[in-house]
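Peer 1: fold the following for me, if possible:
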Amino acid sequence: MVGKVGETRSHYRVDKKWEEERNKAIIESGVFTYPVIEVDLKTQRRGIDIYIMTPSGKVSVEMKTVRYPSDIGGITLETHSNLERSGNPDGIGDGWISYSEADWLAWCFLDKMYLWNMQELRSWFCSQDVTRWPAYDKDNIYYTTRSRHVLFEDIPLWHDERDIP
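Peer 2: All right, here's what the predicted structure looks like:
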């Protein structure tokens, strides 16, 4: 999840390399406080990017890393991973907001990281009329991904906010 909100063309290889390097830098910065374990591809397909080893046990986290600062005022929640395949374009389809098995969502801007409880965020978001937020479609050459830009002020859930280098 890189690029700018509303960007419509995918540069997968460039974006993926930048995302991997940025995630590594964020993890190495110590922003997570506890030790971090990276995961294999099979686990990533379940919407889990890292595990954090806390005193009370292993916590799974999905990291979304973007190339813009937090003053954009919100996050983009993916409602459709493959818009052409998933039916109702105005509802919630096969996007990561519907399937991620992570305990927490870490939304990493250039300057800050926001953490939400994934189950609470999903439950709240899925109870909303998602058409109230602008849709952003990203052409991935063979399929289209759709996300909704949700403003911070619209999300009534507790979240943790941390500065990142």
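
Peer 1: restricting to C-alpha, output stretch 13-22 in CSV.
Peer 2: Extracted as CSV, the C-alpha positions of stretch 13-22 are listed here (Å, rounded to 0.1, in the frame of the first residue of the first chain):
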residue,chain,number,x,y,z
ARG,A,13,8.2,-3.5,-8.4
VAL,A,14,9.3,0.0,-7.4
ASP,A,15,6.6,0.3,-4.8
LYS,A,16,7.2,-3.2,-3.3
LYS,A,17,11.0,-2.5,-2.9
TRP,A,18,10.3,0.9,-1.3
GLU,A,19,7.7,-0.6,1.0
GLU,A,20,10.0,-3.4,2.2
GLU,A,21,12.8,-1.0,2.9
ARG,A,22,10.5,1.4,4.7
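
Peer 1: any stretches of this structure with poor pLDDT?
Peer 2: Applying pLDDT under 70 to the chain picks out residues 1-10, 12.

Peer 1: how about 50 then?
Peer 2: In the predicted model, the chain carries pLDDT under 50 at residues 2-4, 6-8.

Peer 1: how about stretch 26-42: buried residues?
Peer 2: By neighbour count on 16 or more other C-beta atoms under 10 Å, the buried set for stretch 26-42 is I26, I27, V31, F32, V36. Every C-beta, even on glycine, is put in place using the N, C-alpha and C of the backbone.

Peer 1: tell me the contacts of the fourth one?
Peer 2: The neighbours of F32, taking C-beta atoms under 8 Å, 6 or more residues apart in numbering as the test, are I50, I52, V61.

Peer 1: tabulate those residues (a markdown table), appending neighbour count.
Peer 2: Compiled in a markdown table, those are given as follows (neighbours: other C-beta atoms under 10 Å):
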| residue | neighbour count |
| --- | --- |
| I50 | 22 |
| I52 | 19 |
| V61 | 21 |
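
Peer 1: now render these as a markdown table, adding distance to L151 and secondary structure.
Peer 2: Listed next are these as a markdown table, based on distance: C-beta to C-beta, whole Å; DSSP: H, G, I helix; E, B strand; the rest coil:
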| residue | distance to L151 | secondary structure |
| --- | --- | --- |
| I50 | 27 | strand |
| I52 | 27 | strand |
| V61 | 23 | strand |
